[in-house]
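Colleague: got a sequence here, can you model it:
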Amino acid sequence: MLQTSRPTVYIETYGCQMNVSDSELMLGRLVESGYESVEQPDGADVILINTCAIREHAEQRVIGRIGEMKSRMKRDAVLGVTGCMAQRLGSQLLDRARHVSLVIGPDGYRDLPALIESARGGVRTTATDFDLEEHYEDFTPRRFDGVKAWIPVQRGCDYKCTYCIVPTTRGPERSRQLAEVVRETEAVVASGISEIVLLGQTVNSYFDGQHDFADLLRAVGGVPGVRRLRFTSPHPNDFSKAVIRAMAETEAYCEHVHLPMQSGSTRTLKRMLRRYTREQYLACVDELRAAIPNVSLTTDVIVGFPGESEADFEETLSAVQAVGFDDAYTFKFSLRDGTPATRLPASDTISDEVASDRLARLIATVRGATRERNLKLLGQRREILVEKSARRGGLLQSRTRDFKVVMIPGDVSLIGKYLTVKLTGTTGSTFLGQVVGQRAELPLAV
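Modeller: Predicted coordinates:
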C-alpha cells in the first residue's frame, strides 16, 4: 500500500513570549495529530497566524500579512488566525478576508485539529469563548528554542489598566497548579534544556489556591538541572517581601527583572489605573536592589497617554534616569477599542507630533545612559549561554545571567553551551565578547 505524505502546517507568531508559547502548544497538538511542521507558508496545507492585539500597529501588520497569504497559499489550504487579535475581532476577520477559514482565541486550541478538518469541508468557524479551566496541561509543546523553555504558569489578567486590551483578549487571571509546573520543568530538563522562563500576564501574582509566586520560584529553581530561572512579566504591586526573598535565595534565579513602569508620573499612573505611585515604584526598585545588589532592570514605558503634560513626561525622564534601566521598551500610546481609555475625553488626546517627539527624547535618554553604563563593564568576565546564530556578521548571540546580549565568534556547535567571556566592546546596547573559558556542555534537546 502506498504511504500518503503527512499534511503540513506553518505557524507564524507575532507579539509576546506568551504567544510564542501558545504557538508551541498548537504545533505540539497538530504534530500529535499527524501534521508535519514546515518553515514556509508556500505549499503548506495549514497556515496559522498567531496574533497580537496590544497596539494598532501590530494588528495592521497582521492584516497586511493575511492579505499577502492569499497569493501564497495553495488553493485547498486552510488559513487560520489565532491569538489575541482573533479573540478581539472574532467573526469580523471572516467577513474581512474570505480566504480565512478559522478564527480561534487563546482558549480554543484544544479543538484545533477538529476545526481544521471542518474547514477542509468548507465550514468557516469562530472559536473565541473563554475557558477559565484551560491550561493545556495534557499538551506536549513542540519548542522552537532548544536552549530555553517558555513555561506559562498563569493566564489572563485582573488588573484592567486603562490602556490595556489583555483582559479582553486573555480573560480573567487563573494560575496552574504548582505540581504541574514542576512536572513540565522536569520534562524540559530531561530534554536537555536548562534555562526556564516562567510566563504570565502578571506572573508574580501567581496563586494556585495554596502556593504563591515565592513558593513557585523555590520549587522550579530547586528542580535538578535548572541552571537559569527567569520570569516575565511581573507587576510592581506583586513583589511581596516573600517573593523578593525567594528571588535572592534561589540560586538558579538570574539577576534580572523586567519591571514595567509605563510612566514616571503619579498623575499619569493614576489615569492609567496602574495602582501604584511613582514613589511606590521607586521603592520597589530599592527593595529589589537591596536584596539582589547586582540586579539588572529593564522596563516598558508609554508616552503620549491622553492627558500627559510636558511636566508628566519630564517626570518619566527623571524616573528613567533615577532608576538607571539597562534597557527599555518604549512606545507611543495606542488607543484600543474595548479598553477604558476609549472613554477618556477627546480633548486629552496627545498629537502624534508631540508623542513622537517625546518618544525620541525618551529613547535618547535610555540609550545614552545604557551606553555609559555598558562602557564601564568592558574588561569584565561574564558567564554566557549561547542562544543562536546572530542575524549578521557570522557571530553567535548569547546572554549573561543579567540578560545582557553578548556577540561572540564561533560556529553553531557552541549553541547551548555555557562559556566564560571577557567583554571586549559594546555598540551601546549589546556587547562583543572573547571566549576565555567553558563550563560543562548543555546537551541540546533532540
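Colleague: count of neighbours near the spatially closest residue to residue 141 that is not a sequence neighbour?
Modeller: Spatial nearest neighbour of residue 141, chain neighbours left out: residue 24 (3.8 Å); criterion: CB to CB, 6 or more residues apart in numbering. Bear in mind the C-beta positions are built from the backbone N, C-alpha and C, glycine included. Using other CB atoms under 10 Å, residue 24 is surrounded by 22 other residues.
Colleague: wait, residue 24 touches residue 151, no?
Modeller: No - Residue 24 is beyond contact range of residue 151, at 10.2 Å (criterion: CB atoms under 8 Å).
Colleague: what about the helices in the stretch 51-200 of the chain?
Modeller: 56-72, 84-89, 92-96, 112-120, 166-170, 178-190 (DSSP state H, counting those that start in this stretch).
Colleague: please enumerate the strands of the stretch 301-446 of the chain.
Modeller: 327-332, 381-389, 395-400, 405-409, 417-426, 431-441 (DSSP state E, counting those that start in this stretch).
Colleague: actually, the stretch 151-300 of the chain.
Modeller: 154-155, 174-175, 195-199, 228-232, 256-258, 296-303.
Colleague: okay, these in CSV with distance to residue 398 next?
Modeller: CSV is the format used below for the strands of the stretch 151-300 of the chain (distance: least, CB to CB, whole Å):
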stretch, distance to residue 398
strand 154-155, 29
strand 174-175, 32
strand 195-199, 12
strand 228-232, 12
strand 256-258, 14
strand 296-303, 15
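Colleague: for residue 361, find the nearest of these.
Modeller: strand 296-303 (8.6 Å; CB to CB).
Colleague: any stretches of the protein with poor pLDDT?
Modeller: Scanning the chain for pLDDT under 70 picks out the ranges 1-4, 439-446.
Colleague: domains in it, by residue range?
Modeller: The record's domain split for the chain, according to automatic domain parsing, is 8-127, 145-254, 381-441.
Colleague: adding distance to residue 300, write those domains out as TSV.
Modeller: Shown next, in TSV, are the domains of the chain (distance: least, CB to CB, whole Å):
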stretch	distance to residue 300
domain 8-127	10
domain 145-254	8
domain 381-441	15
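Colleague: what residues of the helix or strand that contains the residue nearest to residue 141 count as buried?
Modeller: Using DSSP states H and E, residue 24 falls within helix 17-32. Within helix 17-32, the residues scored as buried using 16 or more other CB atoms under 10 Å are 18-31.
Colleague: and that helix, what does it pack onto?
Modeller: When contacts are defined as 3 or more CB pairs under 8 Å, 6 or more residues apart in numbering; DSSP states H and E, helix 17-32 sits against strand 8-13, strand 36-37, strand 46-51, strand 78-83, helix 112-120, strand 148-152, strand 195-199.
Colleague: kind regards, and thank you for your time.
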